[in-house]
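Trainee: Just a sequence and a predicted model for now, questions to come.
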Amino acid sequence: MSQPWDYIAKLVCIGDSGTGKSSLTIRLCEGRFSPHHDVTIGVEFGSRIVAVGPPASKPTSSNPLHSAHPLGEAKQKRMKLSLWDTAGQETYKSITRSYFRGASGALLVYDITRRSTFEHATGWLHDLRQIAEEGIVVILVGNKCDLASSSTVTSGMANGEAQGLDAANKRAVTVDEAEEWCKKNGVMTYVETSARSGQNVEKAFLEVAERIYENVERGRYDLNDRRSGVRGPGLGAAGKGSGGTVSVGMNNTGGGKGGWGGGCC
């Protein structure tokens with residue numbers, strides 16, 4: 001029986017504790033929001049098969065990605081995203097950093113209502129690039145956008161105007177600031193999400209998947225090398241199955257094995 005996917009790519013979700021990394025993974029893999037989620041210890045794992053390449057990457061009302069695929073009318077492919085949700089606490093950094101190895105993509109997540117989590121993004125990016133393979137695809141994700149009614153903070157407004165908006169707008173980082181940070185740090189793009197409502201969650205992961213697929217088509221990965229973070233079909237037993245959620249919520253406090261961490265992908 002043939003594999004249900006054409007490629008399998010290792011992605012990591014990184015960022016401070018409490019930014020909603022686990023909630024984003026659960027939303028993508030299970031389509032639900034968990035308002036009460038235990039603090040991640042080590043890493044948690046999930047997977048989801050998504051369509052990549054045209055026509056999936058062409059902008060439509062249901063799939064508003066940034067542009068049409070630049071590589072022409074290639075046959076649509078299916079990519080299994082192997083998602084590693086890492087702990088954000090300093091205590092577990094020695095564990096979580098080992099999972100950066102062999103990742104082809106990363107979602108760097110911060111909480112738009114907590115400025116400190118945005119300020120720490122630079123440190124997370126530095127750690128990632130020190131350990132991951134060169135050219136890893138990274139996007140910045142501002143989570144909890146359901147708590148912001150505006151793209152700007154209200155502190156600079158007149159008291160009368162701000163009073164009515166403060167309750168609805170808890171934003172601490174503006175969209176312009178986040179986009180400027182991406183340009184300054186060579187990060188692909190910025191996406192604001194809400195794990196609670198599901199807003200832009202699929203878009204965030206698909207942005208990474210599409211760029212990885214483009215790199216595959218251009219021959220930038222060795223699909224036989226675990227360190228590349230992308231594998232093709234028929235390369236061992238790992239990756240069998242039909243996608244959906246795999247072991248989300250199961251903590252793994254062991255270090256990574258090889259490029260894929262824990263040997264499970």
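Mentor: That came through fine. Numbering: from 1, shown residues only.
Trainee: Could you list the low-pLDDT ranges of the stretch 1-150 of the chain?
Mentor: Within the stretch 1-150 of the chain, the ranges that satisfy pLDDT under 70 run 1-2, 36-43, 56-74, 87-96.
Trainee: quick one, strands of it?
Mentor: Taking DSSP state E, counting those that start in this stretch as the test, the strands found in the stretch 1-150 of the chain are 7-14, 43-52, 77-86, 105-111, 137-143.
Trainee: between those, which gets nearest to Asn215?
Mentor: strand 137-143 (7.3 Å; CB to CB). C-betas here are computed from N, CA, C, even on glycine.
Trainee: buried sites along the closest one?
Mentor: Residues of strand 137-143 classed as buried: Val137, Val138, Ile139, Leu140, Val141, Gly142, Asn143 (neighbour count, 16 or more other CB atoms under 10 Å).
Trainee: likewise stretch 223-233?
Mentor: For stretch 223-233, the neighbour count (16+ other CB under 10 Å) marks Arg226, Ser228, Gly229, Val230, Arg231 as buried.
Trainee: What mean pLDDT does that stretch get?
Mentor: Taken as a whole, stretch 223-233 carries a mean pLDDT of 82.
Trainee: circling back: out of the strands of the stretch 1-150 of the chain, nearest to Gly20?
Mentor: The nearest among the strands of the stretch 1-150 of the chain, by CB to CB, is strand 137-143 at 4.1 Å.
Trainee: So what are the sheet partners of that closest one and their directions?
Mentor: Within its sheet, and counting by DSSP bridges, strand 137-143 is paired with strand 105-111 (parallel), strand 190-192 (parallel).
Trainee: Could you dump these into TSV with distance to Lys10 and mean neighbour count added?
Mentor: Below are these laid out as TSV (distance: least, CB to CB, whole Å; neighbours: other CB atoms under 10 Å):
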stretch	distance to Lys10	mean neighbour count
strand 105-111	8	27
strand 190-192	20	22
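Trainee: of all the strands of the stretch 1-150 of the chain, which lies closest to Val191?
Mentor: strand 137-143 (5.5 Å).
Trainee: okay, the angle between that closest one and strand 7-14?
Mentor: If you take axes from the mean of the first three to the mean of the last three CA atoms, to 10 degrees, strand 137-143 sits at 50 degrees to strand 7-14.
Trainee: Contacts for strand 137-143, please.
Mentor: 15, 19-21, 23-24, 104-112, 118, 121, 125, 128, 173, 175, 178, 181-182, 187-195, 204, 207-208, 211-212, 215 (CB atoms under 8 Å, 6 or more residues apart in numbering).
Trainee: one step back: pull the most distant pair out of the buried residues of stretch 223-233.
Mentor: It's Arg226 and Val230 that sit farthest apart of these, by CB to CB, at 9.8 Å.
Trainee: hmm, back to that, kindly reformat the strands of the stretch 1-150 of the chain as CSV and extend each row with distance to Gly31.
Mentor: Output for those, formatted as CSV (distance: least, CB to CB, whole Å):
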stretch, distance to Gly31
strand 7-14, 17
strand 43-52, 10
strand 77-86, 14
strand 105-111, 18
strand 137-143, 17
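Trainee: What mean pLDDT does the lengthiest helix in the chain get?
Mentor: The longest helix of the chain (DSSP state H) is helix 201-217. Throughout helix 201-217, pLDDT has a mean value of 96.
Trainee: Please give the number of neighbouring residues around Lys184.
Mentor: 9 (other CB atoms under 10 Å).
Trainee: ok, and for the strand or helix carrying it, which residues are buried?
Mentor: Take DSSP states H and E as the rule and Lys184 turns out to sit in helix 175-185. Across helix 175-185, burial judged by 16+ other CB under 10 Å covers Val175, Ala178, Trp181, Cys182.
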